[in-house]
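**Q** need coordinates for the below:
(one chain, ligands or ions: 2)
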Amino acid sequence: MTSPQGRLRPEHPATHRVVDLVAAFELEARGPAPDPTSVLTGVTVSSSDAAPGDVFVAVSGAKVHGAAYAAQAVAQGAVAVLTDEAGAELLAREGDGVPVPVLVTPDARAVAGPVAAWAYGDPAAGLATVGITGTNGKTTTTYFVDAALRTAHARTVVLGTVELRIGDDAIESPRTTVEAPVLQAILALARERGATAVTTEVSSHALALGRVGGLELDVAGFTNLQRDHLDFHGDMEGYFRDKARLFAPGQARRGVVVVDDTWGRRLAAEARIPVETVSTHVGADVAATADWAVTSADIGLDGVGSTFTLRGPDGTEHVAASPLPGLVNVSNAALAVVLAHRAGVDLATAIEAVGHAHAIPGRMERVIERAPGTPLALVDYAHTPDALVLALEAVRPITPGRLVIVFGSDGDRDRGKRPIMGEIAARLADVLVVTDENPRSEDPASIRAAILDGVRAERPTLADVHEATSRTQAIHDALDLATDQDTIIITGKGHEPTQEIAGVFHRYNDRDVLRAAQAARAARESQGLLA
Ligand SMILES: CC(=O)N[C@H]1[C@@H](OP(=O)(O)OP(=O)(O)OC[C@H]2O[C@@H](n3ccc(=O)[nH]c3=O)[C@H](O)[C@@H]2O)O[C@H](CO)[C@@H](O)[C@@H]1O[C@H](C)C(=O)N[C@@H](C)C(=O)N[C@H](CCC(=O)O)C(=O)O
Ligand SMILES: Nc1ncnc2c1ncn2[C@@H]1O[C@H](COP(=O)(O)OP(=O)(O)OP(=O)(O)O)[C@@H](O)[C@H]1O
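**A** Ligands and ions are numbered 1, 2, ... in the order given. Take a look at the predicted model:
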């Protein structure tokens, strides 16, 4: 999916003239006049990604103004710089500026997406598009929606925290939602490759920073809003307002909002586009008035996921399922069904597809199935106290024996959560293997000690508590001590492909380590080395 330079670009870019860009977006051209024959083939906001024929959009950032990197972009072949007044002034102050036209607009960040959409020929036009926002459940819901869209589309696209995927071709994702020109370039590449449906996660940062500008989704979904990212959004009100930007004309044509929390209810009331509501709290008052409501749920079914009844707007009840355990995944599955249905998938087909969705990388992912002599083992991304509670509560009903957790906590991040995570694990799991997550620059032993302080508060004797100085060893230890009635859950890193220790990124993935540990165990067993 990458070009030789490692950049995400359509293979056959459209060619527009720079003068047409000036006219289309009513830009003020300064510096050298645009050559009427000069063509542009791409758009970037990052000088290091600039390629010949690009327009470099220099935006004002938190740390620096992009105009400071205009010269680098031009040296790499950019044919014009598009910026705001501050950027233009910066370039004017730097002597001769850049030897290409400087195109000025009041808000460069706001036009980056629309300009890229224009440059790539409105690539979303022929695609079914679904976007999902919310604090938790974006990734899970995205994959559920994709499972349903695949029934109606030969090739689909998934964009989010885990990967950027067109059909079966995927690369690691740099973040939850990529910069606007990258998003538009991926859509253009997807169109070239015959994809007809896209499901994308939309982070609150993306909404605040215009990363989905120029993309009007067919349907936008909202999962929930919980305390997070307040360093960036200021307070919950600001966080809500940024999320709500998705539910506005030009950004989405219609919305589907889970109204289990007060923020969802407020969003449904304030959205400026038609919105349907989904209630997934069985028996809650709000269920009576919601368009879609989960009216009953049977959690822990067959030791796998859940079944639930979804009542539609016409009052008809449908038996549906979530392939992942826990009530939160009933919520994600119900939302996904409605989103996929509104994106054009027949309701019964959407219900069937979501109920049988394949594993989602690192989200309650069943890496080893329960079998005689073998425990069930899952990997989950839960890395906050709230998520840890939900994850442990979700797997308890599918655990006939003991619940074994392998976990740690991040270095160079929120220290306060370490003892809290320890206390939660001690309260909700039976056997604990405390190990490292991403220690980063911190001493791993001191992070484990802080977790163990919390464990001790709940379980003073530290009975059934183990400490492992390497995550790989921790996973081996868990497999060694679990029986086939037990469930092992490995939390914190999910799909992550690396572990950061002492500032160095090592290739590491919980799922791969777990599979290798199980294979080694099976080999020892077959040689009669295990009791
Ligand atoms: C808060 C935030 O999202 N910041 C992002 C943003 O920073 P910024 O606009 O303030 O950029 P800046 O570093 O001041 O630079 C200004 C401009 O100069 C450009 N520049 C800068 C340096 C250079 O050498 N060349 C160059 O062209 C930059 O591309 C940018 O356009 O643009 C930068 C360039 O694209 C990003 O690297 C940076 O993401 C940082 C790394 C980040 O961590 N973002 C996270 C918080 C984020 O976006 N997370 C959400 C998910 C959150 C969640 O739900 O968990 C996500 O969508 O992934
Ligand atoms: N609807 C939900 N409500 C609350 N918690 C959830 C929900 N869905 C999933 N979770 C929990 O949140 C964690 C992250 O889930 P998921 O990756 O789907 O969310 P996300 O919004 O994509 O978050 P991130 O951007 O961090 O990946 C998981 O550990 C899961 O246990």
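**Q** how about the residues of this protein by ligand 2?
**A** Contact residues, the chain versus ligand 2 (CB under 6 Å from any ligand atom): 136-140, 161, 176, 201, 223-224, 328, 331-332, 363, 380-382, 387, 390-391. Backbone N, C-alpha and C define where each C-beta goes, glycine included.
**Q** one more time with 5 Å, if that's ok
**A** With CB under 5 Å from any ligand atom as the criterion, the chain comes near ligand 2 at residues 136-140, 161, 223, 328, 331, 380-382, 387, 390-391.
**Q** from those, which land in strands?
**A** Among those, DSSP state E puts Asp380 in strands.
**Q** check the residues of the chain next to ligand 2 one by one and keep those near ligand 1.
**A** Checking the residues of the chain next to ligand 2 against ligand 1 by CB under 5 Å from any ligand atom, not one of them is in range.
**Q** pick out the most distant pair among the residues of the chain next to ligand 2.
**A** The span of the residues of the chain next to ligand 2, defined through CB to CB, is set by Thr161 and Ser331 at 18.3 Å.
**Q** wait, which of the residues of the chain next to ligand 2 is closest to Pro99?
**A** Thr161 (39.7 Å).
**Q** using the three-state scheme, assign Leu91.
**A** Following DSSP: H, G, I helix; E, B strand; the rest coil, Leu91 is assigned to helix.
**Q** and Thr161 and Ser331? Which one has more around it.
**A** Ser331 (27 against 21; other CB atoms under 10 Å).
**Q** OK, contacts around that one?
**A** With contacts defined as CB atoms under 8 Å, 6 or more residues apart in numbering, Ser331 is in contact with 137, 223-224, 258, 260, 278, 280, 294.
**Q** what of Pro444?
**A** Pro444 is in contact with 411, 436, 469, 501, counting by CB under 8 Å, 6+ apart.
**Q** relative to Ala75, which of the residues of the chain next to ligand 2 is nearest.
**A** Using CB to CB, Thr161 is the member of the residues of the chain next to ligand 2 that lies nearest Ala75, at 33.0 Å.
**Q** how many neighbours does the residue lying closest to the closest one once chain neighbours are set aside have?
**A** Nearest residue to Thr161 in three dimensions, chain neighbours excluded: Thr176, at 4.7 Å (CB to CB, 6 or more residues apart in numbering). Using other CB under 10 Å, Thr176 has 20 other residues around it.
**Q** and the gap between Thr176 and ligand 1?
**A** The spacing between Thr176 and ligand 1, counted by CB to the nearest ligand atom, to the nearest Å, is 3 Å.
**Q** touching stretch 270-289 from outside, list them.
**A** Against stretch 270-289 from outside (CB under 8 Å, 6+ apart): 220, 244, 247-249, 252-260, 264-265, 267-268, 290-297, 313, 327, 330-331, 334-335, 338, 342.
**Q** what comes up buried for stretch 449-464?
**A** For stretch 449-464, a neighbour-count test (16 or more other CB atoms under 10 Å) marks 450-452, 454-456, 459 as buried.
**Q** and that stretch, average pLDDT?
**A** Here stretch 449-464 scores 97 as its mean pLDDT.
**Q** please parse the protein into its domains.
**A** The chain breaks down by automatic domain parsing into domains covering 16-108, 123-355, 365-526.
**Q** can I get these in CSV with distance to Pro114?
**A** CSV is the format used below for the domains of the chain (distance: least, CB to CB, whole Å):
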stretch, distance to Pro114
domain 16-108, 7
domain 123-355, 4
domain 365-526, 32
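**Q** residue in the stretch 151-300 of the chain nearest to ligand 2?
**A** Thr161 (4.1 Å; CB to the nearest ligand atom).
**Q** the host helix or strand of Phe232 and ligand 1 in contact?
**A** Taking DSSP states H and E as the criterion, Phe232 maps to helix 230-233. No: residues of helix 230-233 are not located near ligand 1 by CB under 5 Å from any ligand atom, the shortest gap being 5.7 Å.
**Q** dump the residue contacts of the residue in the stretch 401-531 of the chain positioned nearest to ligand 2.
**A** With CB to the nearest ligand atom, the shortest gap between the stretch 401-531 of the chain and ligand 2 falls at Gly494, namely 6.9 Å. Gly494 makes contacts with 162, 361-363, 365, 379-381, 383, 510, as judged by CB under 8 Å, 6+ apart.
**Q** so it lies in a strand, does it not?
**A** No: according to three-state DSSP, the state of Gly494 is coil, so it is not within a strand.
**Q** how close does it get to Val367?
**A** According to CB to CB, to the nearest Å, Gly494 and Val367 sit 11 Å apart.
**Q** outside of the top strand by length along the chain, which residues touch it?
**A** For the chain, the longest strand by residue count, based on DSSP E, is strand 292-301. The contact list for strand 292-301, computed with CB under 8 Å, 6+ apart, reads 276-282, 287, 306-313, 317, 321, 325-327, 330-331, 334, 338, 397-398.
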